[in-house]
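Q: Quick one: sequence and predicted model below, then my questions.
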Amino acid sequence: MRLPTNLICLTLSVLPSVIAVYSDEAYSVDYHHELLGLPLPHTTFFYRPRKDDKASLIYTLSDLGVLGAVNPGVGTVVWRQLLADYEGLPQPGFLRPIEGENTVVSAIGSRVDAWDALSGKSVWGTSFEGAARDVEVMEIAAGSTEAKDVLALFEEGGTTYLRKLKGTTGDVVWEFKDGSVDTPLQVSTNVRSVFVVSLHGSSSGYNLKITVLDPVTGKRTTEYTLTTKLDVHAPEDVLLVGANSAAPIVAWADKAMKTLKVNLLGKPGDIQSLPLKDSDGAIKKVELHAPHLVQSLPHFLVHSHTETSNRADVYHIDLASGNIKKAYDLPKLPGQGAISVSSQEANVYFTRLTQDEVIVVSSASHGILGRWPLKLETAQGSLVHGAAEVVQKSSDGYAIRSAVLTTEQDWVLVRNGAESWVRPEGLSGVIAAAWAELPESENLVKNLEVEAESNPVSAYMHRVNRHINDLQYLPQYLQALPRRFLSSIIPAEIIAPKIGVLTKDSFGFNKLVIVATQRGRIYGLDAGNQGRIVWSATAFPQSEGRSWDVKGIWVENLKGQTTIRGSDGEYVIVNTTSGTKIESVAPGSWPTLTATALVDSTSGKWLLPIGIDGNPGDIPSEWAPKDTIVVRSGNGEVKGLRFEPKTASPNSEPVMTWSFTPPADQRIIKVVSRPAHDPVASIGRVLGDRTVLYKYLNPNVALITAVSDEKLTASFYLIDTVSGDLLYSVSHEGVDTTQPITSALTENWFTYSLWGDITTDLSLPSTLKGYQIVISEMYESDVPNDRGPLSYHVNSSSLEPSDIPNADPSLPHVVSETFLIPEAISHMSVTQTRQGITVRQLLCTLASSRAIIGIPKQILDPRRPIGRAPTAAEQEEGLFQYTPNIEFDPKIILTHQREVIGVKDVIASPAILESTSLIFAYGVDVFGTRVAPSAAFDILGKGFNKISLVATVAALWVGVVVLAPMASLFPY
Amino acid sequence: MKLSTLVWGFLAPLAVTGLGFNKDELPRSVEIFVQSVSSTSSPILPLASILYNHELRDVVVEDYSHPDLSPETKLLRVGVYDTATKRWKSAISTTSVENFGKGIRPTIVLSVDRNGEVLGATVKGAVIDAGQTRDFGAKAMIVTTKRGKTPELNKPIVLSKEGTLEEEVPEKTLLQRYWWVGLAVVMLMMTAGGGE
């Protein structure tokens, strides 16, 4: 028989030229919410990064200390810098643009930095003792070509320091030190003089002290005090505006909010009173808005809010006489509103956003220059504050863009009244997160569990009933069938599932993540759908400067409920899929708690609150945990507690069974245990010669990290959490205890990383130090095919004696190896898969690279042969030669090119597919992805061309149909 | 085999009673106490006095007294207790009272750090098989904190003053360099020719 060459050619031509089953799925399986934090009113502005270019960017230094530039056209981040060490709420930050110089200057904590406004690269940076209180750009006389200098106000141990820094290098030009103990508030300048405003006196009532300095020498020229008559009690009571305007002012409202007292800086004893009108209820809040440019007209606006309405008055300052005169007012409107100021050379514009419209007025007259109805489509809540940019297009045509923050913590850009984009900035600053299953799939699991546990006959009846019950879903199933069939052939994007519908999938990728932010909000994110926000709700709004301290988050998948507990005893129970509140208890109703633990009691699982000093207190006996719980007490010890019934009481009380205290000079910094879902597929490790090393698989172990700041050591203690026995301990020397030391424990291995001595060889210099990662594997004995003291036992007890004659105590045999790593690991966790067959991957957060990497376990293997090539048997085991360093090569970076900042924690969850683990990282940013540590062995990659496969089969079938009769015509 | 068991059977009791060791070799001693786990305060009873040398990892039970416990006691706390300050001096672990039962030989596991300070102690028991041992007294075991492993670095390259490698690689001889030419010639000679 001849080969039908034509047919084969035709068939082959259908196949793509490159056949790749696993195409790179970067940026399609992972998602990233690139966030900044909530923009603050005084550090958010529009600014042109290129002097000659009209395009501007929005700059902000957020409440999380993230400095960023956002493209106002599409709402994407152009660049970001994390300026604060992300530990709770950072210190107040200050941000100023240098007009016409392509630079922004920031001051936060002890640092002052200048950044290239277009690229976000550092121009210069400098740090001082104490904390920054203000930063200001020193305007220069018109026509000068020199770079503008920067004034930085610092407070160091109660003393005020003002330094002028050179605009090009950041070098100190002069320094002014105020000897008296005052609270510095702000620095202002009007080209001729520099003014330092500080609070003088005590908190029962401050006076304002204004020190006037010579801008060239930094010498004090004069100083005067403004008597506030007990109106000022805190820095927030002083409203400061016009930092760089032609006539900077300082203002405060009296206690009754009836008048506003204003002083033109540089005019001692001149306090002018402006009336504050309140027609419906008392005034709650007063804001001042004034231009920040020296060439702008000296006008300012007073925005006063009552409980139900807001109004504004515009005032003009007469530069010659120093008189303040009211020009006009903006009428009272109901609800909250946001007013922002923008200036174009001398012109000053005020933009007013209310619930239903946007208007622009000039500061000179009350005529409305532009008016647009306000339509917000996706953003919700009322407006809090905003920054605006007004552009005069023709003689009477204006365009306006304003970036506004809403009470629902969305950052919205309103362009001529229409919503242009929304950034969910409220999602930043996540402090706790948990995975949640979509409810339907769990029902089946529950049913199957019931059937597995009952006897065969009733299980059969149950199954038949279930199937009859399932018949009602048959029409829907049949309807969805063509779609399912198509979706398995045509790439999934073409027939994407409906947005907004939570559907479970057969791979188990569609899960929810419930997160709680430090501002007291909770969100539900759809991990299977690019991390889309499914719902959001305010749980416990936090006052400014406070962070919600979430101690536990527990998702009850069977009930579809999520419980979140805070440290002040508050808790909220919400519906997992919709976010509706089921129960909410305000802070202070329950005792303070330091931690929570998910415990199993005779009445079911629940989240046990643990009070101060690690004491959970008495608990009703039916809710008492069955097992020993591990707590950390205040005086640096780790304790095991067991609940015992009290005599003549329905309650049980905690009894300390064991306690671990490290030596006196050490303090415990971390305690890790094995993850709740940590299945082990194989109890041994098969070696190349077919012998087996048995894994030490004790589910009740914890790894305690303790450091000594005096002796510079880091010690790791592995303890049995039932008996408190010390199973293994190791200590490292020459460790920098201020660097991140982190650890992870899973299966039969634990790992930790630190910065310390890398050699104990005395002939080498002792300064040889570096970042290192240590991997330790635990086995039952050091001899293959031998289980040591455990012998034939399937289970063993940590407390009871062994019934093997003359057995030694069973302690793990630990094999360790150390590798050098290029940078610090700030957090570690481990992937989780459904059955634990897939090799685990160590997930490490690299704070300095802003990345998350997954180090394969094959690299972190303490049995890798050192100084020689592996033997054939070792190769068969998967071992390769040891190299002292592990390079973080781009292939193991899970975040690819994405910069994920401020990561606090990485959580993993198994999918239904054994190969895959779902990863979710949170902190300032939110990032999620899927990983397949042993490659995706149970799923076809995106690159697999199903159409060509079907076409090939069809072509072969046609070939057979056509050729079969032909072949029978020509017998051999 | 049997002989050695017999010999050890005679020697081991000597160690337990504190006769078969040199005190100079075991410079440190520690007192182990036990207390029954209960919500009410219960007496802290001495269990054993142990001599050890953490460098040689040598340990011996100097004195052992079976604790006098109330019958309802199920669990015991074990640790090093300071009778002067009335405080536990080490970590406390838990063990079952069964470990002190009949036919069980307790092993006191002492954990010490690298300076020899006691971190904690515990008692683990195992049934006695009289066929294997005649030593029925308590025994002790010492576990020390390991020194953290450092990376196995490669040997540093040592350069001479001129900046070249110290060890000169010896020149290869002509034969070592061109052995394959000879092989080719031999091959040619063997395969070529040999015609009729």
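A: Everything's here; your move. Model, not experiment: these values are computed from the prediction.
Q: tell me which parts of the stretch 551-700 of chain A are close to chain B?
A: Within the stretch 551-700 of chain A, the positions near chain B by CB under 8 Å from any CB of the partner chain are A:640, A:642, A:644, A:646, A:653, A:655-663. Any C-beta I mention is one placed from the backbone N, CA and C, and that applies to glycine too.
Q: quick one: which of those residues is most hemmed in?
A: Tallying neighbours with other CB atoms under 10 Å in any protein chain shown puts A:Trp658 at the head of those, with 30 neighbours.
Q: just checking, what's the longest helix in chain B?
A: In chain B, with assignment by DSSP state H, the single longest helix is helix B:174-191.
Q: hmm, back to that, sort out for me which of the residues of the stretch 551-700 of chain A next to chain B are in helices.
A: Per DSSP H, these never map to helices.
Q: Pick out the most distant pair among the residues you listed.
A: Pairwise distances across these peak at 35.2 Å for A:Lys646 and A:Pro663 (criterion: CB to CB).
Q: Now tabulate the residues of the stretch 551-700 of chain A next to chain B in a markdown table and tack on pLDDT.
A: As requested, these are arranged in a markdown table below (pLDDT from 0 to 100):
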| residue | pLDDT |
| --- | --- |
| A:Gly640 | 94 |
| A:Arg642 | 92 |
| A:Glu644 | 89 |
| A:Lys646 | 87 |
| A:Glu653 | 91 |
| A:Val655 | 92 |
| A:Met656 | 92 |
| A:Thr657 | 93 |
| A:Trp658 | 94 |
| A:Ser659 | 94 |
| A:Phe660 | 94 |
| A:Thr661 | 92 |
| A:Pro662 | 92 |
| A:Pro663 | 91 |
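Q: which one among those residues gets closest to A:Asn263?
A: Of all these, A:Pro662 has the smallest distance to A:Asn263: 58.7 Å, by CB to CB.
Q: Touching, that closest one and A:Tyr717? I think so.
A: Yes - in this structure, A:Pro662 is within contact of A:Tyr717 by CB atoms under 8 Å, at 7.1 Å.
Q: Can you identify each of the strands in the stretch 201-350 of chain A by residue range?
A: Counting by DSSP state E, counting those that start in this stretch, the stretch 201-350 of chain A has strands at residues A:205-213, A:220-226, A:238-241, A:249-253, A:259-264, A:272-275, A:283-289, A:299-306, A:309-317, A:324-334, A:338-344, A:347-353.
Q: Note down every partner strand of the second one and its orientation.
A: Sheet pairing for strand A:220-226, assigned by DSSP bridges, gives strand A:205-213 (antiparallel).
Q: any idea of the angle the strand it pairs with forms with strand A:249-253?
A: 180 degrees (axes from the mean of the first three to the mean of the last three CA atoms, to 10 degrees).
Q: what mean pLDDT would you report for strand A:205-213?
A: Mean per-residue pLDDT for strand A:205-213: 88.
Q: in that strand, what's buried?
A: A:Tyr206, A:Asn207, A:Leu208, A:Lys209, A:Ile210, A:Thr211, A:Val212, A:Leu213 (16 or more other CB atoms under 10 Å in any protein chain shown).
Q: circling back to that earlier point, so how far is the longest helix of chain B from its chain's centroid?
A: Centroid separation for helix B:174-191 versus its chain: 59 Å, with CA atoms, centre = their mean, to the nearest Å.
Q: spatially speaking, which residue is in the middle of chain B?
A: For chain B, the residue nearest the mean C-alpha position is B:Val143 (5.3 Å; CA atoms, centre = their mean).
Q: Can you pull the phi and psi angles for that one?
A: B:Val143 adopts backbone torsions of phi -120, psi 120, taken as degrees, to the nearest 10.
Q: again, but for the one 5 residues further on
A: According to degrees, to the nearest 10, the main-chain angles of B:Gly148 amount to phi -60, psi 140.
Q: so how far is A:Lys769 from it?
A: According to CB to CB, to the nearest Å, B:Gly148 stands 13 Å off from A:Lys769.
Q: Now the common contact residues for these two.
A: Listed contacts common to B:Gly148 and A:Lys769 are A:Gly756; contacts here mean CB atoms under 8 Å, 6 or more residues apart in numbering or on different chains.
Q: Wait, A:Met138 touches A:Leu151, no?
A: Yes - applying CB under 8 Å as the test, A:Met138 and A:Leu151 come out as touching, 5.6 Å apart.
Q: Who has more neighbours out of the two?
A: Counted by other CB under 10 Å, A:Met138 and A:Leu151 do not tie: A:Leu151 has more neighbours, with 28 against 19.
Q: That one sits in which helix or strand?
A: Per DSSP states H and E: A:Leu151 is located in strand A:149-156.
Q: Ranking helices and strands of chain B by mean pLDDT, which lands last?
A: The helix or strand with the lowest mean pLDDT-type score in chain B, counting by mean pLDDT, DSSP states H and E, is helix B:2-16 (a mean of 40).
Q: circling back to that earlier point, now, the residues of the stretch 551-700 of chain A next to chain B that are in strands?
A: Among those, the ones falling in strands (DSSP state E) are A:Gly640, A:Arg642, A:Glu644, A:Glu653, A:Val655, A:Met656, A:Thr657, A:Trp658, A:Ser659, A:Phe660.
Q: Now do the end-to-end distance for stretch A:859-871.
A: One end of stretch A:859-871 to the other measures 17 Å (CA to CA, to the nearest Å).
Q: Quick one: check that stretch for contact with chain B.
A: Yes - between stretch A:859-871 and chain B, judged by CB under 8 Å from any CB, the touching residues are A:Ile866, A:Gly867.
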